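>>> Here is my input, please return the structure:
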Amino acid sequence: MPITLLDLPSELLDRIVELVLCYKGLAPERPLPPWLNYVPWPRQEGDCLSAPHGVCTVKYWSAQEKYHDAWISNSLSLLLVNHQIAEITKRRLDESIMPSIFNLDVILSDERELHPRWTFLSNPCHHVDDLTVTIRVAGTCPTTNWRRYHFLPDGDSPPRILWTFFYLLERFLEVGPLAEHRVPSPGPRMDDMSFTINRLTLDFVSPVNEESLAPADMGFWDWINGGADEDHTKSSTALCSGVFGLLMRPTWLADLISEYVGYLLGMSISMAPYGKLLYEKYQDLC
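Residues are numbered from 1 along each chain as shown. Just a heads-up that it's a prediction; the model follows:
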């Protein structure tokens, strides 16, 4: 029987080191109460590419940062224990041995906010091999006016809800898997974005109870309108009730994001700064 950790078979010891280097967490079943979410610091004009709406509508779990601190320090602690564990740790930190895989769970809450939570982080690194973002929908806007505010184009700009998703990706490129508590440096940040991603997968999932989704035969624009009269003065305060008060279908959100990603990659004059970020920092988006 092994007396110390170092007496364990090498395969088992290697597996233990791998587990210590990783962070695992459970995705919440529903959005957290408001007092548990972190409201981002306001940013000055030009501090990020995303519109201000995106900055204000990404809400982070306040307690998450302490888990990140432990995850970051684990590798250094293992390297300082002894030579044998240090060698195992070095091998595990080698990307060819242990690919960097990150999983992020994101709840779209009430059709207006994103609540992200990291559920898996492999070895700390600046180049991520595989980042999978699971996107779930919870809650609806109370009125058609609010729904239109978030999902319809804002003049010549994309819908506001898309800035929310764009900011989430932009923020990751700046600080990696850290919560928004970390105050960024002022000024444009493209040169400071040291994180890159080989493959980004957006996985839009349906709720367990699919009866809570809008009917499959309903059109996205009918859902946006909420069944109200086309006259804006009558429909702006109309409640989203009946089938129009059900959750948006994940495919609608996927199609909306996919459409505007195509615009960004088209590199028109207005979209070029945003498309440049995707081309330089993301190798494969699916």
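>>> Any regions of the chain where pLDDT drops low?
Across the chain, the ranges flagged by pLDDT under 70 are 1-3, 39-46, 95-97, 179-192, 227-238.
>>> Residue 66 - that's part of a helix, no?
Yes. Assigned with DSSP: H, G, I helix; E, B strand; the rest coil, residue 66 falls within a helix.
>>> Share the number of residues neighbouring it, please.
For residue 66, the neighbour count with other C-beta atoms under 10 Å is 10. Placement of C-beta: from N, CA and C, glycine included.
>>> distance of it from residue 26?
Distance of residue 66 to residue 26, computed by C-beta to C-beta, to the nearest Å: 16 Å.
>>> Can you list the residue ranges for strands in the stretch 101-250 of the chain?
Assigned by DSSP state E, counting those that start in this stretch, the stretch 101-250 of the chain shows strands spanning 101-109, 113-121, 127-138, 153-154, 157-159, 196-204.
>>> Out of these, the one nearest residue 72 is which?
Ranking the strands of the stretch 101-250 of the chain by proximity to residue 72 (C-beta to C-beta) places strand 113-121 first, at 9.6 Å.
>>> gap between that closest one and the chain center?
The chain centre lies 6 Å from the centre of strand 113-121; the measure is C-alpha atoms, centre = their mean, to the nearest Å.
>>> Could you do stretch 63-79 as well?
In terms of C-alpha atoms, centre = their mean, the centre of stretch 63-79 is set 20 Å apart from its chain centre.
>>> List the contacts of that stretch.
The contact list for stretch 63-79 (C-beta atoms under 8 Å, 6 or more residues apart in numbering) reads 17, 20-23, 25, 36, 85-86, 88-90, 93, 117-118, 121, 123-124, 177-179, 181-182.
>>> following the helix or strand harbouring residue 273, which helix or strand shows up next?
Per DSSP states H and E: residue 273 is located in helix 272-281. Counting by DSSP H and E, the next helix or strand C-terminal to helix 272-281 is strand 282-285.
>>> Show me what counts as buried in stretch 121-132.
121, 122, 123, 124, 125, 128, 129, 130, 131, 132 (16 or more other C-beta atoms under 10 Å).
>>> quick one: which two of these are the most distant?
Pairwise over the buried residues of stretch 121-132, using C-beta to C-beta, the maximum falls at 124 and 132, 17.7 Å.
>>> Around residue 118, count how many other residues there are.
By the criterion of other C-beta under 10 Å, residue 118 has 22 neighbours.
>>> show me what contacts it?
By C-beta under 8 Å, 6+ apart, residue 118 lies in contact with 23, 25, 64, 68, 102, 103, 104, 105, 177.
>>> what helix or strand does residue 27 sit in?
Here residue 27, judged by DSSP H and E, is contained in no helix and no strand.
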